[in-house]
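Engineer: build the 3D model from these lines:
(chains A, B and C)
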Amino acid sequence: MGVDRRQFLKIAGLSALAGLGAKSAFELLAPGKVEAALPLMEGKRWAMVIDMRHMTEDISRKCKEACHQVHNVPEFGDPKVEIKWIWEEEFGHAFPDQESEYVADEVKHKDFLLLCNHCSNPPCCRVCPTGATWQREDGIVMMDWHRCIGCRFCMAGCPYGSRSFNWFDPRKAPKDLNPDFPRNPEFPTRSKGVVEKCTFCDERLAKGQLPACVEAANKIKKESIIFGDLADPESNVREALRKHFTIRRKPELGTSPNVYYII
Amino acid sequence: MLDRVIKGGPKYWGWLIFLAVMMTIGFIVYLYQFKTGLGITGMSRDVSWGLYISQFTYLVGIAAGGVMVALPCYLHDYKAFGRITVLGEFMAIAAVLMCLLFIMVDLGYLPRIMNVIMYPHPKSILFWDMIVLNVYLLLNLLIGWNVIAAERKGIHYQKWVKVLIYISIPWAFSIHTVTAFLYAGLPGRHFWLTAIMAPRFLASAFCSGPALLLIICLIVRKVSKFDPGEKQMRTLSGIIAYAFILNIFFFLMEVFTAFYSQIPGHMHSLVYLFAGLDGYGKLVPWMWAFAVASVVALVLLIVPATRRKEDTLLVACVFVIIATWIDKGLGLVIGGFIPDPFDKVFEYWPTTPEILIALGVWATGFFVLTVLFKMAVSIKEEVGA
Amino acid sequence: MYDGGKIIVGLVIGLCLLLSPFFYNAGKAAKAPQPELTAKAKEAKKCVADTAYMRSNHMHLLDDWRQTVVRDGQRYMKTADGKVYYKSLQVTCLECHSNKSKFCDRCHDYVDMDPYCWDCHLEPKENK
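Structural biologist: Okay, the predicted model is just below:
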């Protein structure tokens, strides 16, 4: 026996490392999959302009229905645990900093369509400890439901209340409120314990389709919601912003939200 | 050294069994929460952090408070505190353990907790909080254990322990500063968006931690032969007094900024807490209880006669704990979420399962505290300290 | 051996308990799992990768997909023979392999594996 205990442990440790490493190396060299980038909707800074002058109860409802159907968002019927990707608030609640006693009649009781603003400087992404939410190169603030640990720091960080948490298993939402759930077999549901929100329909953009709410709204009234690339000076959103005065929610916070409202 | 833990009287075992029962109940209810979802708590889409995170915040303060015994001893040669630094360190261990447990029971997807380490995001304060808390736990374990082991053998602890001690002192400040940063950098939460969040947290920590330590020392004196010391408790009471005055002063500064500026965003949460908003006022009686408890504690701590007498000092410490617990453990976290980003009020109140789980975590912490203190005090008794 | 009798008896009992599953299943050979292909899968002949690779590495493939699809936004892949696939468990894989209970579950149940993918990703509706 020429090997003492210390040497034995060193050899054993190194062998274990080699054994583990070898397996991973083998897998890395597995038959390759060539990536095909088929960019169908390319943009650098996706943004939305919602024309509140033409927004009606019907359009808002159809937008919400379209979004929640396409993404299998469950209805719990309880504001405590509700999940909403797009919803309505009165002017005073959508823009509390603009609150005044004497708001134009037309605006005062209108229900503003609210959703994640996909900010250019998103505090939610700053605070996420795992990168389950992050800002993509095209400006979309994206969600990775495989990585979310459900800490809800992003919910605390969002100044707009755009995020919802799965307090219960979405598949266990009341059946009478969710007939035929899940309505879209091509999109997953989420599990309990993760945060979710609007993702500007990134899966539809990849197929060359407009976000579900934009499509639903424009079916009823063309250009009621304009979706386009803010970085392109010739885009529809830039043209709309040049032509009409718009407001955004809480711009003073420096988040640079990308959802604009034509009043 | 741990063998001293299994030698105890009926009251000792009774206390441990009571704690074990609370821990078991908490654990079983947690399994129910794990299976069903966090919806069984009182948290909601608007108030997405509740009892668990507020207890975590409070306990980080208690953990940091232990440094108030170490700092005078090691940096200012106040040797008298040398008697009880170990007790401060062991209290910190129990407190940090509870902090970590509260985070774990609050997570929506606990099995993925390693994601915080596997996918580090240094921009997130939660990442740094994980680091500083775990390192602080490790520091206190190494320091406390080695110091008490050396005491048992009648020798001075080894030199490398001193290095760790010197690190642990600013580290204690860091754990609560980082925890304050969780709140103080969020642009949408005006109640928390204040530069003095970290100083407030530290002031609160340096009165609540030592107050708890003092109460435990008085209990130790009663149930064992070890006397932490008249001089030590007197100095500690002075520290508690100054820290509590500072804590209340900082709070009043917030009140001034909010109400003199008359900016709604600054005022709303305080109005909700102390007067109610839109007809909702569940926390109002609690916050006024905090106010009354604070005044009582201030008087008892400032007046030398009451601070020096043990029974009134005990009452003062209890009121310090009550006051800081309401302020940090209830008012701070819940107040930050109300009113919500739409200026509406959606109230929060913990549910029974939530409270049972929280009590289970507290029981776990106190179990560890009891066990560690039993060991330390038994050793000190033996060496005739 | 001090207390030797008790130790040996204890060891024997422990060993029996430890090896009891083998005793229980002695003589019975559990059949190797036989996943069934749907008509559509048989017609397609080719999967996104060859069968041998898929059999042993489909979980790595799916892991790679979830990284590249969700985090990198790369939703399409091209195989060596030029075919383009949309990288989706629900939409692509399950389009051909829509008989989860007779395909995926066959092997998964055999090795007592319960992937949590199905907590979120929708299983195809099967006519049992």
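Engineer: going forward, measure contacts and count neighbours with C-alpha atoms only.
Structural biologist: Fine.
Engineer: what residue is smack in the middle of the chain?
Structural biologist: All of this is about chain A. A:Thr199 (2.6 Å; C-alpha atoms, centre = their mean).
Engineer: should've been chain C
Structural biologist: Residue closest to the average C-alpha location in chain C (C-alpha atoms, centre = their mean): C:His108, at 4.0 Å.
Engineer: residues contacting B:Pro210?
Structural biologist: B:Ile62, B:Gly65, B:Gly66, B:Met68, B:Val69, B:Leu236, B:Ile239, B:Ile240 (C-alpha atoms under 8 Å, 6 or more residues apart in numbering or on different chains).
Engineer: how about those residues in CSV, adding secondary structure and distance to C:Gln90?
Structural biologist: Converted to CSV, those look like this (DSSP: H, G, I helix; E, B strand; the rest coil; distance: C-alpha to C-alpha, whole Å):
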residue, secondary structure, distance to C:Gln90
B:Ile62, helix, 50
B:Gly65, helix, 53
B:Gly66, coil, 54
B:Met68, helix, 58
B:Val69, helix, 60
B:Leu236, helix, 64
B:Ile239, helix, 63
B:Ile240, helix, 61
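Engineer: just the buried residues from those, in ChimeraX please.
Structural biologist: This is how ChimeraX selects the buried members of the contacts of B:Pro210, with burial counted by 16 or more other C-alpha atoms under 10 Å in any protein chain shown:
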select /B:62,65,66,68,69,236,239,240
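Engineer: any idea how far the residue nearest to the centre of chain C lies from chain A?
Structural biologist: 21 Å (C-alpha to the nearest C-alpha, to the nearest Å).
Engineer: ramachandran angles for that residue?
Structural biologist: Per-residue torsions, C:His108: phi -60, psi -50 (degrees, to the nearest 10).
Engineer: name the element the closest residue to it other than its chain neighbours belongs to?
Structural biologist: The shortest distance from C:His108 to any residue other than its chain neighbours is 6.6 Å, reached at C:Asp114 (C-alpha to C-alpha, 6 or more residues apart in numbering or on different chains). Following DSSP states H and E, there is no helix or strand that holds C:Asp114.
Engineer: what about stretch A:61-68, average pLDDT?
Structural biologist: Averaged over stretch A:61-68, pLDDT sits at 96.
Engineer: which ones are touching the residue lying closest to B:Arg189 once chain neighbours are set aside?
Structural biologist: Leaving aside its chain neighbours, B:Arg189 sits nearest to B:Gly336 (6.1 Å; criterion: C-alpha to C-alpha, 6+ apart). B:Gly336 is in contact with B:Arg189, B:His190, B:Phe191, B:Trp192, B:Ser269, counting by C-alpha under 8 Å, 6+ apart.
Engineer: which strands and helices sit next to the helix or strand harbouring B:Ile355?
Structural biologist: According to DSSP H and E, B:Ile355 maps onto helix B:352-382. Packing partners of helix B:352-382 (3 or more C-alpha pairs under 8 Å, 6 or more residues apart in numbering or on different chains; DSSP states H and E): helix B:10-36, helix B:51-65, helix B:85-106, helix B:125-153.
Engineer: repeat that with 7 Å
Structural biologist: helix B:10-36, helix B:85-106 (3 or more C-alpha pairs under 7 Å, 6 or more residues apart in numbering or on different chains; DSSP states H and E).
Engineer: show me where the chain has its strands.
Structural biologist: In the absence of a named chain, this looks at chain A. A:34-35, A:46-51, A:86-90, A:111-115, A:133-135, A:141-143, A:164-165, A:195-196, A:225-229, A:246-247, A:259-262 (DSSP state E).
Engineer: actually chain C
Structural biologist: With DSSP E as the criterion, chain C has strands spanning C:76-78, C:84-86.
Engineer: any low-confidence regions in the chain?
Structural biologist: No chain in the question, so chain A it is. A:1-2, A:19-41 (pLDDT under 70).
Engineer: um, chain C though
Structural biologist: C:127-128.
Engineer: which bits of it sit near chain A?
Structural biologist: Counting by C-alpha under 7 Å from any C-alpha of the partner chain, chain C comes close to chain A at C:Val70, C:Gln74, C:Tyr76, C:Met77, C:Lys78, C:Thr79, C:Gln90, C:Val91, C:Asp119, C:Cys120, C:His121, C:Leu122.
Engineer: what comes up buried for stretch A:47-65?
Structural biologist: Neighbour-count burial for stretch A:47-65 [16+ other C-alpha under 10 Å]: A:47-52, A:55-56, A:59-65.
Engineer: wait, does stretch A:109-128 contact chain B?
Structural biologist: Yes. Residues of stretch A:109-128 contacting chain B under C-alpha under 7 Å from any C-alpha: A:Arg126, A:Val127, A:Cys128.
Engineer: ok, back up a step: mean confidence for the helix holding B:Ile355?
Structural biologist: 96.
Engineer: now do the buried residues in it.
Structural biologist: Taking 16+ other C-alpha under 10 Å as the criterion, helix B:352-382 shows B:353-380 as buried.
Engineer: likewise for stretch B:303-320?
Structural biologist: Result for stretch B:303-320 [16+ other C-alpha under 10 Å]: buried residues B:Thr306, B:Arg307, B:Arg308, B:Thr312, B:Leu313, B:Leu314, B:Val315, B:Ala316, B:Cys317, B:Val318, B:Phe319, B:Val320.
Engineer: keep only those of the residues you listed that are in strands.
Structural biologist: Filtering those for strands - DSSP E - leaves nothing at all.
Engineer: so which of the residues you listed is the closest to C:Phe22?
Structural biologist: Of all those, C:Phe22 sits closest to B:Val318, with 61.2 Å by C-alpha to C-alpha.
Engineer: quick one, helices of chain C?
Structural biologist: Shown for chain C, the helices assigned by DSSP state H span residues C:4-24, C:39-44, C:51-66, C:94-96, C:104-110.
Engineer: now for these, which one comes closest to A:Lys219?
Structural biologist: Per C-alpha to C-alpha, nearest to A:Lys219 of those: helix C:94-96, 30.1 Å.
Engineer: now do that closest one: distance to the chain's middle.
Structural biologist: 16 Å (C-alpha atoms, centre = their mean, to the nearest Å).
Engineer: make TSV from the strands of chain A and add distance to B:Met22 to it.
Structural biologist: Converted to TSV, the strands of chain A look like this (distance: least, C-alpha to C-alpha, whole Å):
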stretch	distance to B:Met22
strand A:34-35	55
strand A:46-51	52
strand A:86-90	43
strand A:111-115	43
strand A:133-135	37
strand A:141-143	38
strand A:164-165	29
strand A:195-196	31
strand A:225-229	55
strand A:246-247	54
strand A:259-262	50
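Engineer: between the ones you listed, which one is closest to chain C.
Structural biologist: Across these, chain C has its closest neighbour in strand A:34-35 (4.8 Å, C-alpha to the nearest C-alpha).
Engineer: the helix or strand bottoming out on mean pLDDT in chain B - contacts with which helices or strands?
Structural biologist: Across the helices and strands of chain B, mean confidence by mean pLDDT, DSSP states H and E is lowest for helix B:67-75: a mean of 91. Judged by 3+ C-alpha pairs under 7 Å, 6+ apart, helix B:67-75 is in contact with helix B:85-106, helix B:159-184.
Engineer: B:Cys217 against B:Pro228, yeah?
Structural biologist: Yes. Assessed by C-alpha atoms under 7 Å, B:Cys217 is found in contact with B:Pro228 at 6.3 Å.
Engineer: need the residues of the stretch 51-200 of chain A near chain B, please.
Structural biologist: A:80-82, A:93-94, A:96, A:126-131, A:149-152, A:155, A:157-161, A:164-165, A:167-168, A:192-194.
Engineer: for C:Trp65, state which of the buried residues of stretch A:47-65 is nearest.
Structural biologist: A:Ala47 (27.3 Å).
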